[in-house]
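In: predicted model, plus sequence, below.
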Amino acid sequence: MKIAIVCYPTFGGSGVVATELGLELARRGHEIHFITYRQPVRLALLNPNIHYHEVHVPEYPLFHYQPYELALSSKLVDMVKLHGIELLHVHYAIPHAYAGYMAKKMLKEQGIKIPMVTTLHGTDITLVGNHPFYKPAVSFSINHSDVVTSVSQDLKDETYRLFDIKREIFVIPNFIEVNQEKSANTPCKRAIMAPGGEKIVTHISNFREVKRIPDVVKIFNEIQKSIPARLMMVGDGPEREPAEKLAEELGISDKVVFFGNSHEINEILCFSDLFLLPSQTESFGLAALEAMAVGVPVISSNTGGLPEVNRDGYSGYLGNVGDVRGMAEKAVSILSDDDKLAQFKANALEVAKEFDIQRIMPMYEQIYRRALKQQ
Ligand code: GMT
């Protein structure tokens, strides 16, 4: 199949999922065209089946807001015609499904029918899309997609609860490449990061408010009172600076490393003992799954799709949002008992295998066939 993938190219779950999906589809012989305003961070172009088309938005001083959706829908029309693309797969309802719908309409006028699959990732529904300013456009875009998928059952339920949706939504969970051989060969510099044999606790995100970064620091603060430990903070965003200050105020700066955005996620996860994700909400929690795939148990909040990924008392523990003390106690219960830690590490890997890319990919291929058949 010739498929156009539209996504946000930045550090963030939906962009990562869209990129990894495109890369795997290309390996399976499909021709993939990424259409976005910047090259996605994890996109490797050394594959003849992968193409990248940049959307340029000319700056015009009269416009306070530059019309990205217009530029995107025009680019989609041009690329579909030029490359004979058969299907649009847009990640994120706003503005991608909206722009995709316009492209479909323009193409139809020119005698070209093309189906659009929309994948909902979470923030487009629960945080941003639900805002009254966007709600009508989001409902419209979802209802006018040919097939709609969501990354968790919880997100599907939330979408029906928050919007007036008349379509069926198919759950296709996020996925991960579980590659134990690759993990075993990843250079693991544990001794450098924890010279005194400390336990290593890690958090990875884009440091937005929804991630509850102060809770990460506070949970770690409680942990390190009971066991020698260090905290690895990976990523960047508005909450990073306040977190650095908080670590300073708590007197634990020497135990916390802020890496910023990193391309060495596997290298960091390989020496991690525990992953913290105490988010306010999380439609899925891809970062937790990435940790579990290399055998790192997770302490997370119990909201959104997180319970579908992190199994309470098995791959880690779940706690109520904001329950810093409870999550810290559970973290200590794992970290202070080597046998329990080893068991939880093995369990985390076992659960991650349920989300292996090879299991999930056929679900997308089936959805594409369904969308093409519907035309
Ligand atoms: O929250 C993020 O880190 C970014 C955000 C996005 O829009 O890319 O992630 C959302 O999509 C991911 C991939 O499907 C999910 O794993 C995240 O849980 C989801 N974030 C939220 O729901 C807050």
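Out: Noted; the coordinates are in hand. Keep in mind that this is a model prediction, so the values were computed, not measured.

In: now the protein, which segments are flagged as low pLDDT?
Out: 11, 129 (pLDDT under 70).

In: residues of it that sit close to the ligand?
Out: By the rule CB under 6 Å from any ligand atom, the part of the chain lying against the ligand is 12-15, 17, 121-123, 151, 174, 205-206, 210, 281-286. No exception for glycine: its C-beta is placed from N, CA and C like everyone else's.

In: now do the contacts for Y37.
Out: 9, 54-57, 68, 72 (CB atoms under 8 Å, 6 or more residues apart in numbering).

In: and if we set it to 7 Å?
Out: Counting by CB atoms under 7 Å, 6 or more residues apart in numbering, Y37 makes contact with 9, 54-55.

In: looking at it, L25 is touching F34, isn't it?
Out: No: judged on CB atoms under 7 Å, L25 makes no contact with F34 at a distance of 11.0 Å.

In: where do the helices sit along the stretch 51-200 of the chain?
Out: Assigned by DSSP state H, counting those that start in this stretch, the stretch 51-200 of the chain shows helices spanning 68-83, 98-109, 135-143, 153-162, 180-185, 190-193.

In: neighbouring contacts of the fourth one?
Out: Spelled out, that is helix 153-162. 120, 122, 125-126, 130, 150, 165, 169, 171, 283, 304-305, 308.

In: got the residue ranges for the helices in the stretch 251-375 of the chain?
Out: Counting by DSSP H, counting those that start in this stretch, the helices of the stretch 251-375 of the chain are 265-269, 286-292, 306-309, 324-335, 338-353, 357-374.

In: can I get those helices in CSV including mean neighbour count?
Out: Below are the helices of the stretch 251-375 of the chain laid out as CSV (neighbours: other CB atoms under 10 Å):
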stretch, mean neighbour count
helix 265-269, 19
helix 286-292, 27
helix 306-309, 22
helix 324-335, 20
helix 338-353, 16
helix 357-374, 15
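
In: out of these, which gets nearest to F140?
Out: helix 357-374 (18.4 Å; CB to CB).

In: what angle do helix 338-353 and the closest one make with each other?
Out: 20 degrees (axes from the mean of the first three to the mean of the last three CA atoms, to 10 degrees).

In: which elements pack onto helix 357-374?
Out: helix 13-27, strand 87-91, strand 116-120, strand 147-150 (3 or more CB pairs under 7 Å, 6 or more residues apart in numbering; DSSP states H and E).

In: for the last one, packing partners?
Out: Put plainly, it is strand 147-150. Counting contacts by 3+ CB pairs under 7 Å, 6+ apart, strand 147-150 packs against strand 116-120, strand 169-171, helix 357-374.

In: in that strand, what's buried?
Out: Of all the residues in strand 147-150, those buried under the rule 16 or more other CB atoms under 10 Å are 147-150.

In: buried subset of the contacts of Y37?
Out: 9, 55.

In: and which of the contacts of Y37 is nearest the ligand?
Out: The closest of the contacts of Y37 to the ligand turns out to be P9 (CB to the nearest ligand atom; 10.7 Å).

In: sounds good, over and out.
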